[in-house]
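Chemist: Sequence first, then the predicted structure:
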Amino acid sequence: MNRRLFLSTASALMLTAFAAPAAIAAGDIAPGFAEASAAGIPVLVHVTAPWCEVCQAQKPVVAKLVGKGDFASMKKFDIDFDSQKDVLRKLKVQSQSTMILFKNGKEIDRSVGVSDPAKIEVFLREAL
């Protein structure tokens, strides 16, 4: 009997631990995230590291798009993979070069390791 209880509890905890976060406490990501989320502004959280080649390839593509044209209203928040471990845990990020899209304060999609400009643009359009 104790074994069944243990297994069912462990299974429930595992499902909870690996579920994608539906919403993040607003002030926990970066300054300004709460305000952007509350205003319904599309948000990109970009997890990078200075030593990451893919991150360095993503940065100019993202910079060219976010805040301009169709993406004028989108806000971007950079998270440093090496120094912001608390934010990485909250977002359940395991790799640098991760991009996470939020709409109305809720995560809608994430991308890891993509540096192709056309694919990044398609990805960002999901939040519009």
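Modeler: Great, that's in hand. Residues are numbered from 1 along each chain as shown.
Chemist: pretty sure K76 belongs to a helix, no?
Modeler: No: looking at K76 with DSSP: H, G, I helix; E, B strand; the rest coil, it is strand, so not inside a helix.
Chemist: Now for it: which residues touch it?
Modeler: Contacts of K76 were listed using CB atoms under 8 Å, 6 or more residues apart in numbering, and they are 43-46, 62, 66-67. From N, CA and C alone the C-beta is placed, and that goes for glycine too.
Chemist: Show me those residues that map onto strands.
Modeler: Judged by DSSP state E, the contacts of K76 include 43-46 as members of strands.
Chemist: can you redo the contacts of K76 as JSON lines with distance to F123?
Modeler: Below are those laid out as JSON lines (distance: CB to CB, whole Å):
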{"residue": "V43", "distance to F123": "13"}
{"residue": "L44", "distance to F123": "9"}
{"residue": "V45", "distance to F123": "13"}
{"residue": "H46", "distance to F123": "11"}
{"residue": "V62", "distance to F123": "10"}
{"residue": "V66", "distance to F123": "12"}
{"residue": "G67", "distance to F123": "16"}
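Chemist: Where does pLDDT dip in the chain?
Modeler: Within the chain, the ranges that satisfy pLDDT under 70 run 1-28.
Chemist: Please enumerate the helices of it.
Modeler: Taking DSSP state H, the helices of the chain run over residues 2-18, 33-38, 53-65, 85-91, 117-125.
Chemist: give the contact list for the most centrally placed residue in the chain.
Modeler: Geometric centre of the chain, nearest residue: I100, 2.5 Å, by CA atoms, centre = their mean. Counting by CB under 8 Å, 6+ apart, I100 touches 44-45, 47, 91, 93, 107, 109-110.
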